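Peer 1: Next comes the sequence, and after it the predicted model I'd like to discuss.
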Amino acid sequence: MKHKFTVQKSILLDALTITGKGISNSILPILQSYLFKVEDDYIFITAGNMEVFLTTKVDISGNKFSRSFAIPAKRLLDWVKELPEQGIEFNLQDNLAVITTGNAKCTIPIEDGNNFPLIDITDPTVLEISSESLMLGIDRSLFACSLDVLRPSLTGVLIEFENREISFTGCDTHVLGTYSQMIETKLEDRMSFIIPNKVMTILRSLTCAENLKICIGKRSIQFETDEKTVVQSMLIDDSYPDWRGILPLKNDRHFFIQKDLLYGSVKRVRQFSNFGTSLIDLEIGDNKCKVSAKNEIGENADEDILLDYPYEPLKICVNGNKLISCLSKYGTELVHFSIKDGKHGIIIREDNENLTDKSNLMLLMPFYVPE
């Protein structure tokens, strides 16, 4: 039987682009390829790097047969990108794919698909979550993940399930973001795991169905983002620190501040901070917050923001970039700050309904700068 099939250029290009998000440098040469698994009227295209794999289903026409093969990713993607919109025919031989469309033709070596490594998820726990909850959870946690490969747990997002609540947490040594929401599925046992930040970044970039199916194994996880696309990932094998234990819930100075005013002031003033540090000062007192910065060449800037602050004045130094990241995650007109002094962390919330709540908040740690 001839192993031939035809697929539309735009459909194939979309599939290659989506799955190609998982390709990166690997010690395994075959992982610089796409895995094509032909099953009658469909191709399942997979790409990945041992940490994450993406698979999407594509409709095809032609002979009904089953076969899997690996084809070099960059060569195929670059060629398909330059084609006009029309059908593309694949003619599979022993170790070659002869690809034709219109007047164009190319021949690309292929490899047995059985040599392509895949993630195996056995005895998974299955649940559903809305894409809105997932995306909001990623948005409120991913920005805070560390880039320090010596602390692998902090390079990923911690996801915790308890009863019907799901929480997302990301942190490094300077900032923490956490978000919780109720879901319909109730789990009998508490569950937690750490997902690599690259996987969360990929999920955020995909167009997802209203609800996603999640399959959680002991060492891996799978997200069915819609009827055609699946994201599989290895979990980070490390223990996450007790982030709840570091929250300064006894902060006793509470105030609201206009988010957009503070956001704009910090963006402008931080330009005058020392290069590489982005440190700014927040001087709070007399019902105003002064945002200021200076650098080693004598430049400085400051701006005042009015607020209701019935406490003793204080001064706190923070990373302006980190503060901007925190503020950008909230869509409210006002944000609530809880502060103790210039040495303890700042808790930032959308409201002050429950000041003992350990969910849905940001924690920003200050810097000590000698006078």
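Peer 2: Arrived safely, thanks for sending.

Peer 1: ok, residue 79 - contacts?
Peer 2: Contacts for residue 79 (CB atoms under 8 Å, 6 or more residues apart in numbering) come out as 99, 106. C-beta: built from backbone N, CA, C; applies to glycine.

Peer 1: same thing with residue 70?
Peer 2: Listed by CB under 8 Å, 6+ apart, the contact set of residue 70 reads 30, 33, 34, 35, 36, 110, 111, 112, 113, 115, 116.

Peer 1: Within the sheet, what are the partner strands of the one helix or strand it maps to, with directions?
Peer 2: Per DSSP states H and E: residue 70 is located in strand 66-72. Counting by DSSP bridges, the strands paired with strand 66-72 are strand 33-39 (antiparallel), strand 111-112 (antiparallel).

Peer 1: Okay, angle between whichever helix or strand comes after the first one and strand 66-72 too, please.
Peer 2: For strand 33-39, the succeeding helix or strand toward the C-terminus, using DSSP H and E, is strand 42-48. Using axes from the mean of the first three to the mean of the last three CA atoms, to 10 degrees, the interaxial angle of strand 42-48 with respect to strand 66-72 works out to 40 degrees.

Peer 1: ok so, going back, and which of the contacts of residue 70 is nearest residue 364?
Peer 2: For those, the closest approach to residue 364 (CB to CB) belongs to residue 34, at 42.5 Å.

Peer 1: following the helix or strand that residue 78 is a member of, which helix or strand shows up next?
Peer 2: Per DSSP H and E: residue 78 is located in helix 73-81. Counting by DSSP H and E, the element after helix 73-81 in chain order, helix or strand, is strand 87-92.

Peer 1: Other residues contacting that next one?
Peer 2: If you take CB under 8 Å, 6+ apart as the criterion, strand 87-92 is touched by 2-9, 12, 62, 67, 69, 80, 97-101, 110.

Peer 1: which residue ranges form the helices in the stretch 151-300 of the chain?
Peer 2: Using DSSP state H, counting those that start in this stretch, the helices assigned to the stretch 151-300 of the chain run over residues 197-205, 259-269.

Peer 1: Can I get the first one as CSV, trimmed to CA atoms?
Peer 2: What follows is the C-alpha trace of helix 197-205 in CSV, where atoms were taken according to Å, rounded to 0.1, in the frame of the first residue of the first chain:
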residue,chain,number,x,y,z
ASN,A,197,7.7,27.7,34.1
LYS,A,198,8.2,27.0,30.4
VAL,A,199,5.2,24.7,30.4
MET,A,200,3.1,27.4,32.1
THR,A,201,4.3,30.0,29.5
ILE,A,202,3.3,27.6,26.7
LEU,A,203,-0.2,27.0,28.2
ARG,A,204,-0.7,30.8,28.5
SER,A,205,0.1,31.2,24.8
